[in-house]
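J.: Need a 3D model of the sequence below.
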Amino acid sequence: MKEEDLDWVVYHRLSQTVYSTPEEIAAETGLAVPEIENSLGRLEKSLLVGRQGTGCRLLSFQESLFACQLRYDKSVPLFVESGVVKVKKNREE
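T.: Numbers count the residues shown, from 1 in each chain. A predicted model of the protein is given here:
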């Protein structure tokens, strides 16, 4: 299975629940846990999924948009650390 197809399967499965573990996703899809973990990593890097503890959930549109702005807009003086929004200390103006 191609990576993008696997990612779609995982994304679609996550859209049906509030919170899932990789093991739960693997059991329901019949895929291996390492494949699920790799897919979740790609989806997290793409700002579509957030991990919490041992599981994960889909990010809302607003969360994805905010995370994208924090990542790519260098004029925003904020960053997220362990789920907490913080202000950058050494900001060039």
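J.: what is the mean pLDDT for the helix or strand hosting residue 26?
T.: Per DSSP states H and E, residue 26 falls inside helix 22-29. In this model, helix 22-29 carries a mean pLDDT of 95.
J.: What are the buried residues along the helix or strand just after it?
T.: Moving toward the C-terminus from helix 22-29, the next helix or strand (DSSP H and E) is helix 33-45. Using 16 or more other Cβ atoms under 10 Å as the test for burial, helix 33-45 gives 35-36, 38-40, 43. For every residue, glycine as well, the C-beta is placed using N, CA and C.
J.: Same question for stretch 14-21.
T.: By neighbour count on 16+ other Cβ under 10 Å, the buried set for stretch 14-21 is 14, 20.
J.: ok, residues contacting it?
T.: 13, 25, 49, 52, 54-58 (Cβ atoms under 8 Å, 6 or more residues apart in numbering).
J.: can you list the buried residues of helix 33-45 in a markdown table and add distance to residue 68 and pLDDT?
T.: Formatted as a markdown table, the buried residues of helix 33-45 follow (distance: Cβ to Cβ, whole Å; pLDDT from 0 to 100):
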| residue | distance to residue 68 | pLDDT |
| --- | --- | --- |
| 35 | 26 | 96 |
| 36 | 24 | 96 |
| 38 | 22 | 96 |
| 39 | 20 | 97 |
| 40 | 18 | 96 |
| 43 | 14 | 97 |
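J.: Report the lowest-confidence entry in the contacts of stretch 14-21.
T.: Comparing those by pLDDT, residue 52 comes last, at 85.
J.: For the chain, which segments count as helices?
T.: Assigned helices in the chain, in chain order: 3-14, 22-29, 33-45, 61-72 (criterion: DSSP state H).
J.: Which strands border the lowest-mean-pLDDT helix or strand in the chain, and is each parallel or antiparallel?
T.: Every helix and strand of the chain was ranked by mean pLDDT, DSSP states H and E. The lowest is strand 78-81, at a mean of 84. When pairing is defined by DSSP bridges, strand 78-81 lines up against strand 84-87 (antiparallel).
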